[in-house]
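Undergrad: all I have is the shape, not the residue letters:
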């Protein structure tokens, strides 16, 4: 059953359809290849028919008891007696061990969505959302404080181009976040950075690239107070770093050879020395899609350290038999050291037919505190995960693992899934809470739409050209 917050969200997503994802359209003053928004939009809103995740959440979160009661254990105790009612999904009170989520609310998008980014677009202190599409659009959505609504806020448009990775961050130190995106065709790739001027977005910086990229991020790598830009050159096997000047400009700084076809990456201090490392997923494939000459080696992750130095170091860590798509860093064994989850993904190029990771194994690797990782142990899903995040979903200070993946074998697929895994602290995963979501899931982001202090999820569905919002329901 949809809650009042869910109904408000559905109504706000319906506005996406009627407004065509444009809101008050930002105008671009970018150079050739850019254009102002055309106003093309989605045409309908739909709510999925998935069974409520709230009931299954509590059943799965209580040590896999399978009681099916729809509540999680809790309540204050004194002298061995319960002094308050046990918390339940939907009672409005978050509780430790309680993972409660509503069925998704969904809206059609004007083109196939690829990647998402969450960040504050209107200076209200709350994360908003950017969706990049194959039609050259950066669709902007703003969360309305206290209303449980997410509304269209404009489009940054580049007709004839394709938007890949997107990010949100303040690149010029003025306290206002910019929108970053990789913009490419079959022949050209660039990064565009747009800055907000009132109700419009103008092009601030363009960075030309020689090869398509998969991911991008901002971080201060050398401690000078200015954010630097990190991305990858997929076909060239490089991690690229551009040094920020504090005014929105970036200059080439590092080109690090990391291995075959780098994909998603994460940035963190792995060894506690105050310097940031980058962990990169390596696809480890050669050749064109479905070419008889194509092949894939066992996948790996590359750990890059010393990026602030002249000669960064690269250590390659085996990650399992399937191609590595994304990286999640989380403390799996609660020893205050980050561990590695290599999300070895769905289908990869190898020969004439695609080989699909089904059942879907992905790799868990325990960190040693010095920036290294132990051998991979494999966890299983119906199909390999497409994306993942580590977020604290129940307020206990320990993150859970959220993964999106397909629900069944290639060719016999019942649809997408959001799986929420508790981390019991033993280096493994607990029994997941599963929410049915969409058709063909591509990427995800987390933000607090309904202002309850619990992360909600935005999910890009490239199989159905939809955006799904999954609200928490404590």
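TA: Thanks, I have the structure now. In this text, all values refer to a predicted model and were calculated from it rather than measured experimentally. Residues are numbered from 1 along each chain as shown.
Undergrad: how about residue 330, nearest residue that isn't a chain neighbour?
TA: residue 390 (3.8 Å; C-beta to C-beta, 6 or more residues apart in numbering). The way it works is simple: take the backbone N, C-alpha and C, and place the C-beta from them, glycine included.
Undergrad: helices and strands around the helix or strand harbouring that neighbour, which ones?
TA: When secondary structure is defined using DSSP states H and E, the element that contains residue 390 is strand 387-391. The helices and strands touching strand 387-391, judged by 3 or more C-beta pairs under 8 Å, 6 or more residues apart in numbering; DSSP states H and E, are strand 324-330, strand 339-344, strand 400-406, strand 441-447.
Undergrad: output those strands in CSV; the columns should cover mean pLDDT.
TA: Rendered in CSV, the data for the helices and strands packed on strand 387-391 read as follows (pLDDT from 0 to 100):
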stretch, mean pLDDT
strand 324-330, 92
strand 339-344, 92
strand 400-406, 95
strand 441-447, 96
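Undergrad: identify the residues contacting the residue nearest to residue 330.
TA: Contact analysis of residue 390 by C-beta atoms under 8 Å, 6 or more residues apart in numbering lists 328-330, 399-402.
Undergrad: can you check residue 135 too?
TA: 40, 110-112, 159, 162.
Undergrad: which members of the residues you listed occur in strands, if any?
TA: Per DSSP state E, strands hold the following members of the contacts of residue 135: residue 162.
Undergrad: and which of the contacts of residue 135 is nearest residue 384?
TA: Here the nearest of those to residue 384, counting by C-beta to C-beta, is residue 112; it sits at 20.2 Å.
Undergrad: number of residues surrounding the closest one?
TA: Neighbour count for residue 112, taken as other C-beta atoms under 10 Å: 19.
Undergrad: sorry, back to before: turn the helices and strands packed on strand 387-391 into CSV, including distance to residue 127 and mean neighbour count.
TA: What follows is those, written out as CSV (distance: least, C-beta to C-beta, whole Å; neighbours: other C-beta atoms under 10 Å):
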stretch, distance to residue 127, mean neighbour count
strand 324-330, 19, 24
strand 339-344, 22, 27
strand 400-406, 16, 26
strand 441-447, 4, 22
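Undergrad: in TSV: those, plus distance to residue 381.
TA: Rendered in TSV, the data for these read as follows (distance: least, C-beta to C-beta, whole Å):
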stretch	distance to residue 381
strand 324-330	13
strand 339-344	10
strand 400-406	5
strand 441-447	12
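Undergrad: for these, which one sits closest to residue 455?
TA: Counting by C-beta to C-beta, residue 455 lies closest to strand 441-447 out of the helices and strands packed on strand 387-391; the figure is 4.3 Å.
Undergrad: what angle do that closest one and strand 324-330 make?
TA: Angle between the axes of strand 441-447 and strand 324-330 is 20 degrees (criterion: axes from the mean of the first three to the mean of the last three C-alpha atoms, to 10 degrees).
Undergrad: and strand 441-447, how far out from the chain middle?
TA: 4 Å (C-alpha atoms, centre = their mean, to the nearest Å).
Undergrad: next secondary structure after that strand?
TA: Stepping forward along the backbone from strand 441-447, the first helix or strand reached (DSSP H and E) is strand 456-461.
Undergrad: hmm, who's touching the following helix or strand past that following strand?
TA: Taking DSSP H and E as the definition, the helix or strand that follows strand 456-461 towards the C-terminus is strand 466-470. By C-beta under 8 Å, 6+ apart, the residues outside strand 466-470 that reach it are 9, 13, 16, 46, 48, 53, 101-109, 113, 131, 150, 418, 435, 437-439, 449, 456-461.
Undergrad: how about 7 Å then?
TA: By C-beta atoms under 7 Å, 6 or more residues apart in numbering, the list of residues contacting strand 466-470 from outside reads 9, 13, 101-102, 104-109, 113, 131, 150, 418, 435, 437-438, 449, 456-461.
Undergrad: again with stretch 202-214
TA: When contacts are taken as C-beta under 7 Å, 6+ apart, the neighbours of stretch 202-214 outside the stretch itself are 28-31, 34, 164-165, 178, 182, 184, 189-195, 231-236, 242, 248-250, 262-264.
Undergrad: drop anything exposed from the residues you listed.
TA: With neighbours counted by 16 or more other C-beta atoms under 10 Å, those contain buried members at 28, 30, 34, 164-165, 178, 182, 184, 189-195, 231-234, 236, 242, 248-250, 262-264.
Undergrad: among those residues, which are in strands?
TA: Judged by DSSP E, the buried ones among the contacts of stretch 202-214 include 164-165, 178, 182, 184, 189-195, 231-233, 242, 250, 262-264 as members of strands.
Undergrad: name the nearest residue to residue 229, sequence neighbours excluded.
TA: In space, residue 229 comes closest to residue 242 once its chain neighbours are excluded; the distance is 4.2 Å by C-beta to C-beta, 6+ apart.
Undergrad: need the contact list for residue 193.
TA: Contacts were defined as C-beta under 7 Å, 6+ apart; by that measure residue 193 touches 171, 178, 180, 204-205, 248.
Undergrad: partners of it in the sheet?
TA: The residues paired with residue 193 through beta bridges, assigned by DSSP bridges, are residue 180, residue 205.
Undergrad: now, which of the contacts of residue 193 sits nearest residue 365?
TA: The closest of the contacts of residue 193, once distances to residue 365 are taken by C-beta to C-beta, is residue 180, at 29.6 Å.
Undergrad: pull the number of nearby residues for the closest residue to residue 243 other than its chain neighbours.
TA: Of all residues beyond its chain neighbours, the one nearest residue 243 is residue 253 (4.0 Å), with distances taken as C-beta to C-beta, 6+ apart. Using other C-beta under 10 Å, residue 253 is surrounded by 17 other residues.
Undergrad: so residue 253 sits against residue 241, correct?
TA: Yes: counting by C-beta atoms under 7 Å, a contact exists between residue 253 and residue 241, whose distance comes to 4.7 Å.
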